[in-house]
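Engineer: Next come a sequence and a model predicted from it.
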Amino acid sequence: MCPSKVAEGAARGWLVPIGGAEDKGRDARILRRFVALAGGRAARIAVIPTASQSREAGPRYEQLFDELGARQVEVLDFGTRHDGQDRARLARIEQASAIFFTGGNQLRLSTLLGGTPAAQLIRARNAAGIPVGGTSAGAAILSEHMIAFGREGAAPQADSVRLAPGLGLTNRFVIDQHFRQRDRLGRLLAALAYNPFAIGIGLDEDTAAFIGPDNTLEVEGSGAVTVVDAGELEFSSMAEASERDPVCMLGLKMHLLLAGATYNLATRTASPGTLAREPT
């Protein structure tokens, strides 16, 4: 699944995956920056809480974005696949200046939204320039290959990850969230052993990757983003591994990025960004 085509002369909208448990207090740097991308005081944000079965998820972000100055915030839940073709919901997506997915269960998102007119419209709207963000499960769903679930641990095993189709807003990377807090390096590495052409992005809690139209990722938040590049993978034993077997992977490149650091997904190059200091 390729992302929707960008019209000539236009620019794709930002992607903002968040690792979960983002600061929702007075500072709220990540959410505040998302509102700014959405248009600030002119922002019209559609919040999709479908990943969560909690009735509080949608209203909570509606309140947060309203307090951060957004002009209009609407909660659009999808309880059935039929809702994904509801004209009223589609009209609200069409009118939104940004779309935000809450956390919860990413498989609930993919099974209810995947392949529906709503999912296709979200892809088209992002290609037309509007930002799309999500936290935790809402971050996982953004890419073509989505980590559905897996086991914790630092070492990859053949059966330590299960993948499912995501929304396909990008096919450049695979996202994992709550990364260091839940010890998820192993399952991200296993996902890359299955898909070595992709880039692995591990998002700590209260940490986001702001990915611009030029495919440059900038880190925001209090934690780190772990970038794993398997583009020059020399060897993988995944094809021969049985369940529970560890997987040998040679030639990986890893970067640990803090707030202000950047990574170009097209050239696969990292930079300290604003972390760099002039020599004294």
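Structural biologist: The structure has been received and is ready for your questions.
Engineer: can you map out the helices along the stretch 101-250 of the chain?
Structural biologist: Ranges of helices in the stretch 101-250 of the chain, per DSSP state H, counting those that start in this stretch, are 106-113, 117-127, 137-140, 185-194.
Engineer: Give the ranges of residues in this structure that sit below the confidence cut-off.
Structural biologist: Along the chain, the model assigns pLDDT under 70 to residues 1, 277-280.
Engineer: let's see it at 90
Structural biologist: Within the chain, the stretches with pLDDT under 90 are 1-4, 26, 243, 275-280.
Engineer: can you list the helices of the stretch 101-250 of the chain in CSV and add distance to C2?
Structural biologist: Where you see a C-beta, it was placed from the backbone N, CA and C, and this is true even at glycine. Listed next are those as CSV, based on distance: least, CB to CB, whole Å:
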stretch, distance to C2
helix 106-113, 17
helix 117-127, 10
helix 137-140, 19
helix 185-194, 19
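Engineer: Show me which positions of stretch 265-280 end up buried.
Structural biologist: Neighbour-count burial for stretch 265-280 flags 265, 270-271, 273 (criterion: 16 or more other CB atoms under 10 Å).
Engineer: now swap in stretch 69-84 and tell me
Structural biologist: 70-78, 83-84.
Engineer: out of the helices of the stretch 101-250 of the chain, deepest packed?
Structural biologist: Highest mean neighbour count among those (mean count of other CB atoms under 10 Å): helix 137-140, with a mean of 29.
Engineer: Identify all contacting residues around that helix.
Structural biologist: If you take CB atoms under 8 Å, 6 or more residues apart in numbering as the criterion, helix 137-140 is touched by 17-20, 48, 51-52, 100-106, 108-109, 133-134, 146-147, 166, 175-177, 203.
Engineer: again, only using 7 Å
Structural biologist: Residues outside helix 137-140 that contact it (CB atoms under 7 Å, 6 or more residues apart in numbering) are 17-19, 51, 101-106, 109, 146-147, 166, 175, 177, 203.
Engineer: So which of the residues you listed are in strands?
Structural biologist: 17-18, 101, 146-147, 175, 203 (DSSP state E).
Engineer: out of those residues, who's nearest L192?
Structural biologist: Of all those, L192 sits closest to I147, with 10.7 Å by CB to CB.
Engineer: correct me, but the closest one touches L163?
Structural biologist: Yes - checked against CB atoms under 7 Å, the pair I147 and L163 is within contact range at 6.3 Å.
Engineer: shared neighbours of the two, which are they?
Structural biologist: Joint contacts of I147 and L163 (CB under 7 Å, 6+ apart) are A191.
Engineer: out of the two, which sits in the more crowded spot?
Structural biologist: Applying other CB atoms under 10 Å to I147 and L163 shows that I147 carries more neighbours, namely 23 against 18.
Engineer: gap between the more buried one and F34?
Structural biologist: 22 Å (CB to CB, to the nearest Å).
Engineer: all strands of the stretch 151-280 of the chain, in order?
Structural biologist: Using DSSP state E, counting those that start in this stretch, the strands of the stretch 151-280 of the chain run over 161-165, 173-176, 199-203, 207-211, 216-221, 225-229, 235-236, 249-250, 253-257, 262-264, 269-271.
Engineer: err, the stretch 1-150 of the chain, not the other one
Structural biologist: 15-18, 44-48, 72-75, 98-101, 132-135, 145-150.
Engineer: The fifth one: how far from the chain's middle?
Structural biologist: Here strand 132-135 shows a centroid-to-chain-centroid distance of 6 Å under the convention CA atoms, centre = their mean, to the nearest Å.
Engineer: Direction included, what does it pair against?
Structural biologist: strand 15-18 (parallel), strand 98-101 (parallel) (DSSP bridges).
Engineer: and if you look at the third one?
Structural biologist: Strands that pair with strand 72-75, judged by DSSP bridges, come out as strand 44-48 (parallel).
Engineer: Cheers, nothing more for now.
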